[in-house]
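*Asks:* how would this look folded up:
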Amino acid sequence: MSLNQVFDIAGSGMNAQSLRLNTVASNMANAETVSSSIDQTYRARQAVFATVFNEQQAMGDSLGGSLFAPTDQAGQGVQVLGVVESDAELQSRYEPDHPMANEEGYVFYPNVNVVEEMANMMAASRAYQTNVEIMNTAKTMLQRVLTLGQ
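*Replies:* Numbers count the residues shown, from 1 in each chain. Next up, the predicted model:
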């Protein structure tokens, strides 16, 4: 793996964590929204990621492929597979005086757990910060390589 590939890998990680932070922000913003029906109630969303593997090394080619290629694959970054809605049960509360209450007096709140979302936000923020530090370290290393001939 060259240092140039480090920028691609860290960049894909930053992109993935940025999407994760956006979904957390959306969940937090809608944590206390109310609806009168289950169908219209906001549902928590989570980003789904997958590792992108280096196809060349996975095939075990003669240009440096590993003898243990099927189990020793190099990653090429992170791919965002999509954003999925949580299937956790929505919260229904009996609040007959609420303006959004249905005929039975119930209102429905999203299935957003604020504590989990805060933990997700902290983890995504730290992962993003780590990728920035990796890019800065790679940049410093490349700058030092350029000064070797001086």
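
*Asks:* Can you name the element that comes right after the strand ranked longest in the chain?
*Replies:* Secondary structure of the chain per DSSP state E: the longest strand is strand 75-85. As assigned by DSSP states H and E, the chain's next helix or strand after strand 75-85 is strand 91-94.

*Asks:* what lines up beside that next one in the sheet?
*Replies:* With DSSP bridges as the test, strand 91-94 is paired with strand 106-109 (antiparallel).

*Asks:* Tell me which residues of the strand it pairs with come out buried.
*Replies:* Across strand 106-109, burial judged by 16 or more other CB atoms under 10 Å covers Y106, V107, F108, Y109. Yep, even glycine has a C-beta here, placed from its N, CA and C like the rest.

*Asks:* before we move on, the earlier item: so what strands line up beside the longest strand of the chain?
*Replies:* Counting by DSSP bridges, strand 75-85 is paired with strand 45-53 (antiparallel).

*Asks:* returning to what we had before: between the buried residues of strand 106-109, which is nearest I9?
*Replies:* I9 has its nearest neighbour among the buried residues of strand 106-109 in Y109, at 39.6 Å by CB to CB.
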